[in-house]
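> What follows is a predicted structure for the sequence shown.
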Amino acid sequence: MLDLRRRSLVRRLVLIAGAWTLVVMLAAGVFLTAQFKAAAIRRFDSSLAVLTDDLYAGSTIEDGQLRAPVLTDIRATRAYSGRYWAILDKSEDGAIRPLVRSRSLFDSDLMLASSQIDQLDAAPGKTQYFDLRGPQDKPLRAAAILARLPGYADPLVFVAAEDRSPIDADASQFGRITIFALSILGVGLILAVVVQVRFGLQPLFRLRREVAAVRRGKAERLDGIYPVELEPLAVELNALLAHNQEVVERQRTHVGNLAHALKTPLSVMLTEASQQPGQLAEVVERQAQTMREQVDHHLRRARAAARSQTSGERTPVEPILDELAVTLERIFQDKSDGQGIEIDWRCPEDLAFQGEKQDFMELAGNLMENAGKWCRGKIRVEAAPQGEARMLLTVDDDGPGLTPEERSQALKRGQRLDEKAPGSGLGLSIVDELARAYRGSVQLGESPLGGLRVTLDLPRAEG
């Protein structure tokens, strides 16, 4: 099940408004249909009450016989016309028998249920209304009154009824029209809510875009003008950005001061050791050089970490690869029996690294220089986008390559797989740690050229 806390704010507001609109529209539809039907039945009952009163007022007893009035409603004279009336006798034992009925009933009778008779007994002389089943099993609406006529022993029930099918049909049609109209209104309201929410939340979307621009380095702070509800948030975010920048700069200063404070004593130790040859001097010189490399390494790592957290600089990749290729081809021009090396590099013109130029030059330069040391003559470099936020830098060479066991050791700091090769063994480890500082990674594999393939995953700057 989808966690409601993770739903978008727009969707949540639209769903709430949609659910409320649906409930209100259904309630309104049911209420309006019920009111229309009730109003129609009241008008129906009024017409039946007039007919019942005419029956009661016009009926007489002559020589002990009931004489019904002559009614002018022509519908009561046609068989099964839907308009009926009858006068019923209610004996002392409660039995009901018809005395006079309209011609429209033909061979049927209007008979009341015992509960309806009891209702009439409870309020004699008052018109009561019922739902009956009439001729041909049609639904009827009936009005009845229980009263006595002078000269007749038993009470009489005067009943008038009419087919209520037209009322039900009109109510059903009204309900359908109401549902259709309310559905259109509901859809319109939901669309209006969507537009209102999207428009109302525009400042929030703009705030998100500005925060993303700060993260990508396109801006240093939030400069937009926001409503009073969002202005405190924007102020706090700017204060947080300023605080983070201050903390990072303070840490970079501390690291730089420490590194420079250590470099001077190390330089003195190296100078003194070089002036006094001997076994002890060699040990001191070697260890001091190692310490200097360590200081440079951690200083470089601290700078890279700080830049990756605060900098969103955009560094074009193509010119750097071009510059490195030209430089390395000159450096290794005497390799392969004087034939030099060939660096085939490819890169889209608009590809950019999200970070400082110096860091990317160190990353790409270390990889390409390492490939130049070990290749037989060919190096292939390819930079390509990987999605919207990442890029891949792949360096292949035609050298001897590395076994899987050697690849797992190659990224360790100071690890040298061939002591005869020049260098300190820090190249790939520097690349690995610098890439990690930018939340990237380094992968070693087998190159199609026969040597080593190094794949570097780095953040990509937007165009």
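Nice, thanks for sending it over.

> where in the stretch 51-200 of the chain is pLDDT low?
Within the stretch 51-200 of the chain, the stretches with pLDDT under 70 are 72.

> What are the boundaries of the helices in it?
Along the stretch 51-200 of the chain, counting by DSSP state H, counting those that start in this stretch, helices occupy 114-122, 165-200.

> Whichever helix or strand comes after the last one - contacts with which helices or strands?
By that I understand helix 165-200. The first helix or strand that comes after helix 165-200 along the chain, using DSSP states H and E, is helix 202-215. Packing partners of helix 202-215 (3 or more CB pairs under 8 Å, 6 or more residues apart in numbering; DSSP states H and E): helix 231-275. Backbone N, C-alpha and C define where each C-beta goes, glycine included.

> I'd like the mean pLDDT over the helix it packs on, please.
Mean per-residue pLDDT for helix 231-275: 76.

> got it, and stretch 373-384?
Averaging pLDDT along stretch 373-384 gives 93.

> Then stretch 353-370?
On average, stretch 353-370 scores 89.

> got the CA coordinates for that stretch in CSV?
Extracted C-alpha coordinates of stretch 353-370, given in CSV (Å, rounded to 0.1, in the frame of the first residue of the first chain):
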residue,chain,number,x,y,z
PHE,A,353,31.6,18.0,-14.8
GLN,A,354,29.9,19.4,-11.7
GLY,A,355,33.0,20.4,-9.8
GLU,A,356,36.2,22.4,-10.0
LYS,A,357,38.4,22.3,-13.0
GLN,A,358,41.5,21.5,-11.0
ASP,A,359,39.9,18.4,-9.5
PHE,A,360,38.7,17.1,-12.9
MET,A,361,42.1,17.6,-14.3
GLU,A,362,43.6,15.6,-11.5
LEU,A,363,41.1,12.8,-11.9
ALA,A,364,41.4,12.6,-15.7
GLY,A,365,45.1,13.3,-15.7
ASN,A,366,46.0,10.6,-13.3
LEU,A,367,44.0,8.0,-15.3
MET,A,368,45.4,9.0,-18.6
GLU,A,369,48.9,9.3,-17.3
ASN,A,370,48.6,5.9,-15.7
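
> and Val442, that's in a strand?
Yes: assessed by DSSP: H, G, I helix; E, B strand; the rest coil, Val442 belongs to a strand.

> That one - how many residues pack around it?
Val442 has 22 neighbours, counted by other CB atoms under 10 Å.

> Tabulate the helices of the stretch 51-200 of the chain in CSV, adding columns for mean neighbour count and distance to Gln275.
As requested, the helices of the stretch 51-200 of the chain are arranged in CSV below (neighbours: other CB atoms under 10 Å; distance: least, CB to CB, whole Å):
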stretch, mean neighbour count, distance to Gln275
helix 114-122, 14, 126
helix 165-200, 14, 76
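
> Walking through the stretch 301-450 of the chain, point out its helices one by one.
Under DSSP H, counting those that start in this stretch, the stretch 301-450 of the chain gives helices at 318-331, 357-374, 404-410, 427-437.

> For the third one, buried residues please.
It refers to helix 404-410. Neighbour counts over helix 404-410 (16 or more other CB atoms under 10 Å) mark 407, 410 as buried.

> And the second one, by the same measure?
Buried residues in helix 357-374, counting neighbours by 16+ other CB under 10 Å, are found at 359-374.

> any residues touching it, and which ones?
300, 304, 307, 313, 315, 317, 320-321, 324-325, 328, 331-332, 335, 341, 343, 353, 379, 381, 393, 395-397, 399-400, 421-423, 427-428, 430-431, 434-435, 438, 451-452, 454, 456, 458 (CB atoms under 8 Å, 6 or more residues apart in numbering).

> Quick check on the residues you listed: which are buried?
300, 304, 307, 313, 315, 317, 320-321, 324-325, 328, 332, 335, 341, 343, 353, 379, 381, 393, 395-397, 399, 427-428, 430-431, 434-435, 438, 451-452, 454, 456, 458.

> List the backbone torsions phi and psi for the residue sitting furthest away from the middle of the chain.
The C-alpha centroid of the chain is most remote from Asp63, which lies 87.4 Å away (CA atoms, centre = their mean). When read as degrees, to the nearest 10, the backbone of Asp63 gives phi 50, psi 40.

> picking up where we left off before, could you dump the helices of the stretch 51-200 of the chain to a markdown table with distance to Pro69?
What follows is the helices of the stretch 51-200 of the chain, written out as a markdown table (distance: least, CB to CB, whole Å):
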| stretch | distance to Pro69 |
| --- | --- |
| helix 114-122 | 21 |
| helix 165-200 | 26 |
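
> For Ala38, find the nearest of these.
For the helices of the stretch 51-200 of the chain, the distance to Ala38 is smallest for helix 165-200, at 9.3 Å, taking CB to CB.

> Tell me the helices and strands packed up against that closest one.
Looks like helix 165-200 contacts helix 9-58, strand 139-147 (3+ CB pairs under 8 Å, 6+ apart).

> May I see the domains of this structure written out as residue ranges?
Domain ranges of the chain: 29-170, 231-308, 313-459, per automatic domain parsing.

> could you redo those domains as CSV and give each row distance to Ile177?
CSV is the format used below for the domains of the chain (distance: least, CB to CB, whole Å):
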stretch, distance to Ile177
domain 29-170, 10
domain 231-308, 49
domain 313-459, 51
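
> Could you give the number of residues near Gln443?
Here the number of neighbours of Gln443 (other CB under 10 Å) works out to 13.

> residues in contact with the nearest residue to it once chain neighbours are set aside?
Distances taken as CB to CB, 6 or more residues apart in numbering put Thr455 closest to Gln443, at 4.4 Å, once the chain neighbours are dropped. Counting by CB under 8 Å, 6+ apart, Thr455 makes contact with 392-394, 442-445.

> Out of the residues you listed, which is nearest to Ser408?
Leu444 (8.3 Å).

> What distance do you get for the closest one to Asn370?
11 Å (CB to CB, to the nearest Å).

> Residues in contact with both of those two, list them for me.
Common contacts of Leu444 and Asn370 (CB under 8 Å, 6+ apart): Val454.

> still on that earlier bit, tell me the most buried of the helices and strands packed on helix 165-200?
Of all these, strand 139-147 has the most neighbours on average by mean count of other CB atoms under 10 Å, namely a mean of 21.

> about what we covered before: and of the helices of the stretch 51-200 of the chain, who's closest to Phe158?
Phe158 sits nearest to helix 114-122 of all those, at 10.1 Å, using CB to CB.
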